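Asks: Coordinates only, no sequence provided:
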């Protein structure tokens, strides 16, 4: 469990710094929004480009990845169905769905994969799935939900063109194309992207920490039902779904099944909070889901290790 401790220690230290920046407004009242925009428009796209450009895309065809993808799809459908029945709106339902299925595969998933699963590369397919499919689809839906265009033709054109106007999607597609080309750019060309990408996770964590100041106790505000629903889906239902599909439908056993369930047990990624701030929807809900799912990760992982490890 040393990987869990290391990963949480890194995250917690930067979040605490962000909280202190919010408590002592050194960066001014708009710090959270500035950091979120920096992550969304500059650092995040640079990080996604460098990750995807250096990843073997054939990893997406493996059995464990299919289990993870189906688990995410089933839990997403469940949240969307409840959101439709409760009339939460397209934007809130979309970002809520992300909070229930979009795992922290980067700054927490990598150390956990390295120290708990003994193979850091196991997290790469999850990153790919989220960067190539989950994030682009969700961001496109949130763009369209703003209602800036009406009519079948304009909406269709906007739907087809929206992904190519989103910096996250553009960077992801560019990374995929570079990976498929087989060309390895000279190091000086990639170094600016790597430097900018290095700011992404710290900027997200700092913005998240700033948002915690004055936010109240999680799970007790007006979004309590949505928050608790998202946390239950993320921390309990998603890992159980991954286990059921892996063991019963795909016949996974041993380390393969253990890895799938561990990765499904990771908490909600800070990326989702960045998206909620950028689109101005569900910010409090997502912040609390991220916080609570992160607190629950250790007991969930200990339980998974006891049962399957």
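Replies: The structure has been received and is ready for your questions. Every value quoted in this text rests on a predicted model; they were computed, and no experiment measured them. Numbers count the residues shown, from 1 in each chain.

Asks: measure residue 226 to residue 92 for me?
Replies: Using Cβ to Cβ, to the nearest Å, we find residue 226 at a distance of 8 Å from residue 92. Yep, even glycine has a C-beta here, placed from its N, CA and C like the rest.

Asks: list the residues that contact both of the two?
Replies: 282, 285 (Cβ atoms under 8 Å, 6 or more residues apart in numbering).

Asks: Give me the more crowded residue out of those two.
Replies: residue 226 (26 against 22; other Cβ atoms under 10 Å).

Asks: any idea whether that one is helix, strand or coil?
Replies: The three-state label given to residue 226 by DSSP: H, G, I helix; E, B strand; the rest coil is helix.

Asks: how close does it get to residue 47?
Replies: Distance from residue 226 to residue 47, counting by Cβ to Cβ: 29 Å.

Asks: what about residue 307, neighbour count?
Replies: Residue 307, neighbours per other Cβ under 10 Å, totals 10.

Asks: Which elements pack onto the host helix or strand of it?
Replies: For residue 307, the enclosing helix or strand under DSSP states H and E is helix 283-308. Helix 283-308 sits against helix 2-23, helix 90-101, helix 200-212, helix 224-232, helix 238-244, helix 254-264, helix 270-279, with contacts defined as 3 or more Cβ pairs under 8 Å, 6 or more residues apart in numbering; DSSP states H and E.

Asks: what about those, which gets the closest to residue 53?
Replies: helix 200-212 (15.0 Å; Cβ to Cβ).

Asks: Now the closest one: average pLDDT?
Replies: Here helix 200-212 scores 84 as its mean pLDDT.

Asks: Stretch 146-162 too?
Replies: Mean predicted lDDT for stretch 146-162 stands at 60.

Asks: now swap in stretch 24-40 and tell me
Replies: Averaging pLDDT along stretch 24-40 yields 86.
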